[in-house]
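**Student:** got a structure for you, letters missing:
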């Protein structure tokens, strides 16, 4: 009996140890990344972001639109990949992938806003998001956020009630013509 327990520990011990270490460090890194995103979103909150394609803010004199872009590739830790595979067998929501996609989208928008701020823009409209799998396992995704940045005179950032969505609402209704 004692020899069989020793044999099991020798055979499966390294796997269990690596699994637990992956879970610990992966969860810690995800929490740190979410905290960094929250701080960055608050710091860049003065840049209004709108997904409306035909929204026309009042532009400052001499302001021209420019394309701003934020791109990121984020990988999932192996612990969450294993959990997702087990959940997919039962047809459950893959919440582990939802957090991966949420982090990727938020990071791409933060990088887009940072690029606009460096160039002196105050408003980004026509924002679009693209998310793509990098590998066939689905453990890595690339997120790209892009939009048209301008210097607006009607710049009044709207503070969001939640921090899960960094997008801002437009300060004026779109003109339909």
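**Tutor:** Ah, there it is. Only a predicted model underlies this, so the values are computations on that prediction, with no experimental measurement involved. Numbers count the residues shown, from 1 in each chain.

**Student:** What is the subsequent helix or strand relative to the longest helix belonging to the chain?
**Tutor:** Longest helix in the chain, counting residues (DSSP state H): helix 2-43. Sequence-wise, the next helix or strand downstream of helix 2-43 (DSSP states H and E) is strand 48-49.

**Student:** and the residue lying closest to residue 33 once chain neighbours are set aside, what does it touch?
**Tutor:** Nearest non-adjacent residue to residue 33, counting by CB to CB, 6 or more residues apart in numbering: residue 103, 6.0 Å away. (C-beta placed from N, C-alpha, C; glycine too.) Neighbour list for residue 103: 30, 33, 34, 37, 74 [criterion: CB atoms under 8 Å, 6 or more residues apart in numbering].

**Student:** Make a PyMOL selection of whichever of these turn out to be buried.
**Tutor:** Of the contacts of residue 103, the buried ones can be selected in PyMOL as follows, counting by 16 or more other CB atoms under 10 Å:
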select buried, resi 30+37+74
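
**Student:** So for the longest helix of the chain, mean pLDDT?
**Tutor:** Across helix 2-43, pLDDT averages out at 86.

**Student:** same for that helix, what does it pack against?
**Tutor:** Applying 3 or more CB pairs under 8 Å, 6 or more residues apart in numbering; DSSP states H and E, we find helix 2-43 packed against helix 78-89, helix 95-118.

**Student:** what is the closest residue to residue 104 other than its chain neighbours paired to in the beta sheet?
**Tutor:** Sequence neighbours aside, residue 143 is the residue nearest to residue 104 in space, at 3.7 Å (criterion: CB to CB, 6+ apart). Beta bridges link residue 143 to residue 72, residue 131, judged by DSSP bridges.

**Student:** surely residue 44 meets residue 114?
**Tutor:** Yes. Residue 44 lies in contact with residue 114 (CB atoms under 8 Å); the separation is 6.3 Å.

**Student:** ok, how many other residues are close to residue 21?
**Tutor:** Using other CB atoms under 10 Å, residue 21 is surrounded by 11 other residues.

**Student:** so the longest helix of the chain versus helix 78-89, what angle?
**Tutor:** Helix 2-43 runs at 100 degrees relative to helix 78-89, counting by axes from the mean of the first three to the mean of the last three CA atoms, to 10 degrees.

**Student:** Now do helix 2-43: distance to the chain's middle.
**Tutor:** 22 Å (CA atoms, centre = their mean, to the nearest Å).

**Student:** try stretch 118-126
**Tutor:** The answer for stretch 118-126 is 19 Å, by CA atoms, centre = their mean.

**Student:** Could you report the neighbour count for residue 68?
**Tutor:** 23.

**Student:** Checking my notes, it in a strand, right?
**Tutor:** Yes. Under DSSP: H, G, I helix; E, B strand; the rest coil, residue 68 falls within a strand.

**Student:** That concludes my questions; thank you for your assistance.
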